[in-house]
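Undergrad: pasting the sequence and the predicted coordinates here, then a few questions.
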Amino acid sequence: MRKIVATLLVSLDGVVEAPQRWHLAYMDAELAASVGLQLAAADVLLLGRATYEELADHWFADYIVATPKVVVSSSLLEGDLTDAVTQLKQEPGRTIGVAGSPTLVESLLRRDLVDELRLLLHPVVAGRGRRLFEHVNDQRPLELVSSQRSAAGVLDLTYRPG
């Protein structure tokens, strides 16, 4: 079965919204290579609609265009997300990548559909914006399985459900 690897950019104060305001100052060659390797491991992307629209303008736009995508709308989040994602996980292929899309990631976590959660923790206080896991109400234990620090100070943390 395929696994879902979700990646979120997060500030020290837990902000995941509008990372373009604070993330780019920390994007060095090392971090770009790490993100590129993760993107290359996924042969399909599962994205929220807003994230899909935002990603087209970034440095990895060619990858986004070339990779098959499943774009999730808010109506699917309320409806049969579990069935649709479970079916996608059972299809042949490699990793299903989720880039950004904090609402989608929260929905997937609540349904126990995330196999790996990768947080790129930036050494900045964003001050405002949507916080990480704002709408997760139940405790979700996670196990830290890897950690790396970029030269710019970004912590690349990978967790699996505990």
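TA: Yep, it's here.

Undergrad: centroid residue for this structure?
TA: In the chain, the residue lying closest to the centroid (Cα atoms, centre = their mean) is residue 7, at 2.5 Å.

Undergrad: need the three-state assignment for that residue.
TA: strand (DSSP: H, G, I helix; E, B strand; the rest coil).

Undergrad: next, count neighbours for residue 88.
TA: Look at residue 88: counted by other Cβ atoms under 10 Å, it has 16 neighbours. C-beta coordinates here come from the backbone N, C-alpha and C atoms, glycine included.

Undergrad: using CSV, write down the CA coordinates of the one helix or strand it maps to.
TA: For residue 88, the element it lies in under DSSP states H and E is helix 81-90. This file holds the C-alpha atoms of helix 81-90, laid out as CSV (Å, rounded to 0.1, in the frame of the first residue of the first chain):
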residue,chain,number,x,y,z
LEU,A,81,-12.4,11.9,2.1
THR,A,82,-11.6,8.7,3.9
ASP,A,83,-12.9,6.5,1.1
ALA,A,84,-11.3,8.6,-1.6
VAL,A,85,-7.8,8.6,0.0
THR,A,86,-8.0,5.0,1.1
GLN,A,87,-8.7,4.1,-2.6
LEU,A,88,-5.8,6.3,-3.7
LYS,A,89,-3.5,4.6,-1.2
GLN,A,90,-4.4,1.2,-2.6
